[in-house]
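J.: Return atomic coordinates for the entry below.
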Amino acid sequence: MLAGEDYVCSRALGTVAFLSLKLGKPLFLEGEAGTGKTEIAKALAAGLGRNLIRLQCYEGLDSASAIYEWNFAAQMIAIRTAEAAGQADRKALQTELFSDDYLVRRPLLQAMSPDPKGAPVLLIDEVDRTDEPFEAFLLEALSDFQVTVPELGTIRAPEPPIVILTSNRTREVHDALKRRCLYHWVDYPSFGREMEILQARIPGVSAQLSAEVVAFVQGLRDQDLFKSPGVAETIDWARCLIALDAVALTPDLISETLGAVLKYQDDIARIAGSEAARILEEAKARLREMA
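T.: Prediction:
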């Protein structure tokens, strides 16, 4: 199913994803940025025909922001309209203002709401960016699959969503949250698998250019860089090279397009020029040995 959505993964990752669906347990994916953790949620949603709901985590995210908020602008208009019409029943107005009509559903509440397509895929992305109180809240929410809106009460999911959490490991996530999930470390792919990914995502790319791009990127990952390129950067770089009608890598072409694969100036300055030529020559040597 994942391959049908152009997501190429190892058997181990495919197995843990299957078990997550079969057992109804959240799937916790950890690994370097750009290794395809977010993409598997998109592929699962597309393959299962479910809606994808994404909660992008960030520092300072609190439970209320992840669940709901009230449409204050619409509420103020309703209050002024009621005042202009001479409506005197304050209790009725309050009941109307804090009803579903004025409720803005954030990702967690969306995931707990009925969906005609079936339980949605809830992606809790980069959970390591949040703090411990939010982790504790997630622990409770994922245990009972219910959330509370004080003005409306407790809302329970009619069917538990398919939950995928990702972490780039900028900090350790608490064991209590991991124990609720099936865990998998998503590593950089092997040469063969990264070739498959590139061919799946960019069907028109030539075999020679694909091999040189993948071999060079894998050579970059062996360098002492501030941020090694992920698979996402491999795909972006290959698209840039195709746009330039490149048929093979050259040191000059690499130096001119390094911004597609490396995202920090110190890394680019270190690799551009003679270092790029050296890594390219080593990459081509490895390709000759595999031929």
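J.: what number of residues lie near the closest residue to R129 other than its chain neighbours?
T.: Once flanking residues are discounted, R129 sits nearest to C57: 4.7 Å by C-beta to C-beta, 6 or more residues apart in numbering. C-beta: built from backbone N, CA, C; applies to glycine. When neighbours are defined as other C-beta atoms under 10 Å, C57 has 20 of them.
J.: any low-confidence regions in this structure?
T.: 88 (pLDDT under 70).
J.: So which residue is smack in the middle of it?
T.: T38 (2.6 Å; C-alpha atoms, centre = their mean).
J.: ok, which stretches of the stretch 151-291 of the chain are strands?
T.: Using DSSP state E, counting those that start in this stretch, the strands found in the stretch 151-291 of the chain span residues 153-156, 162-167, 182-186.
J.: would TSV of the ones you listed with distance to R286 be doable?
T.: Compiled in TSV, the strands of the stretch 151-291 of the chain are given as follows (distance: least, C-beta to C-beta, whole Å):
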stretch	distance to R286
strand 153-156	55
strand 162-167	31
strand 182-186	24
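J.: Distance to L241 and mean neighbour count for the ones you listed - can I get that in a markdown table?
T.: Shown next, in a markdown table, are these (distance: least, C-beta to C-beta, whole Å; neighbours: other C-beta atoms under 10 Å):
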| stretch | distance to L241 | mean neighbour count |
| --- | --- | --- |
| strand 153-156 | 49 | 12 |
| strand 162-167 | 28 | 25 |
| strand 182-186 | 25 | 17 |
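J.: of those strands, which approaches T250 most closely?
T.: strand 182-186 (32.1 Å; C-beta to C-beta).
J.: quick revisit: thought the residue nearest to the centre of the chain was touching I124?
T.: No: counting by C-beta atoms under 8 Å, I124 is not a contact partner of T38; they are 10.6 Å apart.
J.: This completes my enquiry, with thanks.
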